[in-house]
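Chemist: Sharing a sequence plus its predicted fold:
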Amino acid sequence: MSSPSHSNHSNPASEGKEMIGRKKMWAAVIAVLALTTAGCTSGSGSDKGAAASSASDSHLNKVLKSHTLRVGVQTEAAPWGVRKSDGSYEGFDIDLANALGKSLGAKVEFVPATNESRIPMLQADKADVIIASFTATNERAQQVAFSVPYASGGTLIAVPKNSGIQSYADLAGKSVSASRGSIGEQILKSQLPKANPALFNTFADSVQALKSGKVDALIENNVIVPDLARTDQSIRILEGPVLKPSLMAIGIQQGDQIWLNYLNNFVRNYNVSGENEAATQKWLNQPMPDFLK
């Protein structure tokens, strides 16, 4: 007998089962892809929402909406910032503040600040910016954020014209006035430890202490001291190098990168536009440093 022949055709029932299996597999794959895509879309929306929230929380957006810019400034520190008898303000920092307000289409609301109150004011959100001859030290940058610099400075010492003090070394054992929270206070501790610090709440009180003979010397920045000596012939600048050369910048709360980005852009434009040069010549009686241009 001949052996039974084997057919080359597939079994229809088996083929149907394979087709159903493949359909189920692809359905599962599509379902997984749909879930993944939905997850990605949801995450993307969440990221956009976070970005939108961050933008709305920024001081930049708040200023643009309110049309009001709160600026912490000094009121008794010529030529940086002075409040006049009629209530208006003038000075180098005041010009910068007004230019910033103009760039934002905002009314500038000046908030009096002292050297000691500048950082607490920002932390308590009592000002959108501090523009008050604010030296951008590393220590301060651990508590607040700073823009790129708009001015440079340093520190000098003033003494009565007839004083026997002739050098920094002669300050040993002498009383030197400074305002609390100032760079001058830091210098007395770090570079002139043998001097006796006499600390006051405001710059005006520190100056008055020198004029009234309550202290032997005064330490302040290298713009204020020359201005003081120019307007009061009974005071002279102690000869010696400028102490602690520094950069001054706009201070803001930490964590507001959107606001900081705008301020950096504004300061750069202010520096190169000629506005800073004009203000520096007008108030500080010196040319604007080339490295700021």
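Modeler: Nice, I can see it. Residues are numbered from 1 along each chain as shown.

Chemist: for the longest strand seen in the chain, packing partners?
Modeler: Counting residues, the longest strand in the chain under DSSP state E turns out to be strand 151-160. Applying 3 or more C-beta pairs under 8 Å, 6 or more residues apart in numbering; DSSP states H and E, one finds that strand 151-160 makes contact with helix 183-190, helix 203-211, strand 217-221, helix 224-231, strand 235-237, strand 243-248. Any C-beta I mention is one placed from the backbone N, CA and C, and that applies to glycine too.

Chemist: Output the longest one in CSV with nothing but the alpha carbons.
Modeler: As requested, C-alpha coordinates have been extracted for helix 203-211 and formatted as CSV (Å, rounded to 0.1, in the frame of the first residue of the first chain):
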residue,chain,number,x,y,z
PHE,A,203,24.8,107.4,57.4
ALA,A,204,23.7,110.8,58.5
ASP,A,205,24.2,109.9,62.2
SER,A,206,27.6,108.5,61.4
VAL,A,207,28.6,111.8,59.7
GLN,A,208,27.2,113.9,62.5
ALA,A,209,29.3,111.9,65.0
LEU,A,210,32.4,113.0,63.1
LYS,A,211,31.3,116.6,62.7
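
Chemist: In a strand, Val71, correct?
Modeler: Yes - the assignment for Val71 (DSSP: H, G, I helix; E, B strand; the rest coil) places it in a strand.

Chemist: count of neighbours near it?
Modeler: Other residues near Val71 come to 26 when the count uses other C-beta atoms under 10 Å.

Chemist: what pLDDT does it get?
Modeler: Confidence at Val71, expressed as pLDDT, is 98.

Chemist: do Asp227 as well
Modeler: Per-residue pLDDT puts Asp227 at 85.

Chemist: same thing with Ser152?
Modeler: Value listed for Ser152 in the pLDDT field: 93.

Chemist: what about it, neighbour count?
Modeler: The local packing of Ser152 (other C-beta under 10 Å) involves 18 other residues.

Chemist: I'd say it and Val242 touch.
Modeler: No - in terms of C-beta atoms under 8 Å, Ser152 does not count as a neighbour of Val242; the distance is 10.0 Å.

Chemist: rewinding a little: what's the least confident stretch among the helices and strands packed on strand 151-160?
Modeler: Taking the average pLDDT of each of the helices and strands packed on strand 151-160, the minimum falls on helix 224-231, with a mean of 88.
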